[in-house]
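Novice: sequence first, predicted coordinates after that:
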Amino acid sequence: MTAIQWSDGAPIYRQLKERVVAMMLDGVLKPGDALPSVRQVAAEYQLNPITVSRAYQELADEALVEKRRGLGMYVTEEAAKKLLLNERERFLREEWPLVLERILRLGLSTEELLSASGDKAGAQ
């Protein structure tokens, strides 16, 4: 894991969980990969081990990781598919309506949007 800036906007366990989720979506953590141990994360980020355990437990409750007795927590095979599906649903439910509202307010055409996104895709 890389350096994390904690914000006051959400509980630290939730921020840690979201960081692990982002690593799964970005392919940094792949199915079958072990998560760093609770002790290791707690020491590295100067967190209470209970905070780390709570984040990991939420990931386990969502079947994104599985506990292997004596071995630790591992990313499940279906984690990436579940996350992508969940993130797509959340985007369409929460973010897209705001984006669409702004597009309509600005009077942007489909052609303008596709042209602008084509410019960005070519630059990558």
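Specialist: Yes, it's here.

Novice: okay, the most far-flung residue of the chain relative to its centre: pLDDT?
Specialist: Relative to the mean C-alpha coordinate of the chain, counting by CA atoms, centre = their mean, the farthest residue is residue 107 (32.3 Å). On pLDDT, residue 107 comes in at 95.

Novice: cool, and residue 37?
Specialist: For residue 37, the model assigns a pLDDT of 94.

Novice: same question, residue 124
Specialist: Looking at residue 124, its pLDDT stands at 50.

Novice: walk me through the domains of the protein.
Specialist: The chain breaks down into these domains under automatic domain parsing: 12-77, 80-123.

Novice: for this protein, which spans come out with low pLDDT?
Specialist: 1-3, 119-124 (pLDDT under 70).

Novice: quick one: the strands in the chain?
Specialist: 65-68, 72-75 (DSSP state E).

Novice: ok, for residue 64, nearest residue in space, not its chain neighbours?
Specialist: residue 79 (4.4 Å; CB to CB, 6 or more residues apart in numbering). Quick note: C-beta positions are derived from backbone N, CA and C, even for glycine.

Novice: quick one: the residue lying closest to residue 62 once chain neighbours are set aside from residue 33, how far?
Specialist: Spatial nearest neighbour of residue 62, excluding adjacent residues (CB to CB, 6+ apart): residue 82 at 7.4 Å. Separation of residue 82 from residue 33 (CB to CB, to the nearest Å) stands at 15 Å.

Novice: what are the phi and psi values for residue 46?
Specialist: phi 50, psi 50 (degrees, to the nearest 10).

Novice: for the strands of the chain, give me JSON lines that also has distance to residue 47 and mean neighbour count.
Specialist: Listed next are the strands of the chain as JSON lines, based on distance: least, CB to CB, whole Å; neighbours: other CB atoms under 10 Å:
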{"stretch": "strand 65-68", "distance to residue 47": "18", "mean neighbour count": "15"}
{"stretch": "strand 72-75", "distance to residue 47": "16", "mean neighbour count": "19"}
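
Novice: out of those strands, which is closest to residue 29?
Specialist: strand 72-75 (5.2 Å; CB to CB).
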